[in-house]
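Asks: what shape does this take:
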Amino acid sequence: MRKNLFLLCPTDCLEYAVNKAFKQENYFYTSLGNSFDPDIVTMEHIRVLIKKYHIGKIYFVLSNDNQIILDALEGQFFSKTRGLKHVYLEITKQRKTSAMWSQTKNPQSMILSYYLNNKIRALQTSLSDVFYRPNSVSGIIYDRDAQVFKTIYSDLICSEKFHFN
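Replies: Below you'll find the model as predicted:
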């Protein structure tokens, strides 16, 4: 049986939706706004989970109406909450970048994709020394209105802004 690890924001309350959509054995790791930071202590916990439960896939998950991300895009009332300053800076930066690169009808999906792609890269780098690694690390966005999970935009689409001299 394939086992999954879902990294999600506790404000989204997605555990039920995940278990309904993904019928495998699922494990969860939560952090506000998916502010997952691959520090030494966190990575040790993740490594133990991967090895102990033979995790095959890891998913970073956010809902399209995530309160932390929406606040980062709008009022920034929670910006002083411990651990969220970096999230708010990242989201604000991507909002500006996506406005330059994309004319999509749903810029929020682009912003969430960029944000989750950064988290995926950080986790993959931190897992590079693990003997037993999951088959894949990917990101999904939960569309609360449609009640479905959607794959995030590719890392190729969610590129950084470059300056040429």
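Asks: burial count for Ile58?
Replies: 25 (other C-beta atoms under 10 Å). C-beta here means a position set from N, CA and C on the backbone, and glycine is covered the same way.
Asks: that one in helix, strand or coil?
Replies: strand (DSSP: H, G, I helix; E, B strand; the rest coil).
Asks: which ones are touching it?
Replies: Shown in contact with Ile58 (C-beta atoms under 8 Å, 6 or more residues apart in numbering): Asn4, Leu5, Phe6, Leu7, Ile50, Leu123, Pro134, Ser136, Val137, Ser138.
Asks: of these, buried ones?
Replies: Among those, the ones that count as buried by 16 or more other C-beta atoms under 10 Å are Asn4, Leu5, Phe6, Leu7, Ile50, Leu123, Pro134, Val137.
Asks: picking up where we left off before, how about the contacts of Ile58, which pair is most distant?
Replies: Ile50 and Ser138 (15.1 Å; C-beta to C-beta).
Asks: circling back: and the least confident of the contacts of Ile58?
Replies: Taking those together, the minimum pLDDT is found at Pro134 (74).
Asks: how close does that residue sit to Ser154?
Replies: Per C-beta to C-beta, to the nearest Å, Pro134 is found 19 Å from Ser154.
Asks: over to Asn117?
Replies: Taking C-beta to C-beta as the measure, Asn117 falls 8 Å from Ser154.
Asks: now, which of the contacts of Ile58 lie within helices?
Replies: Ile50, Leu123 (DSSP state H).
Asks: tell me the one of the contacts of Ile58 nearest Asp71?
Replies: For those, the nearest to Asp71 is Leu7 (19.5 Å; C-beta to C-beta).
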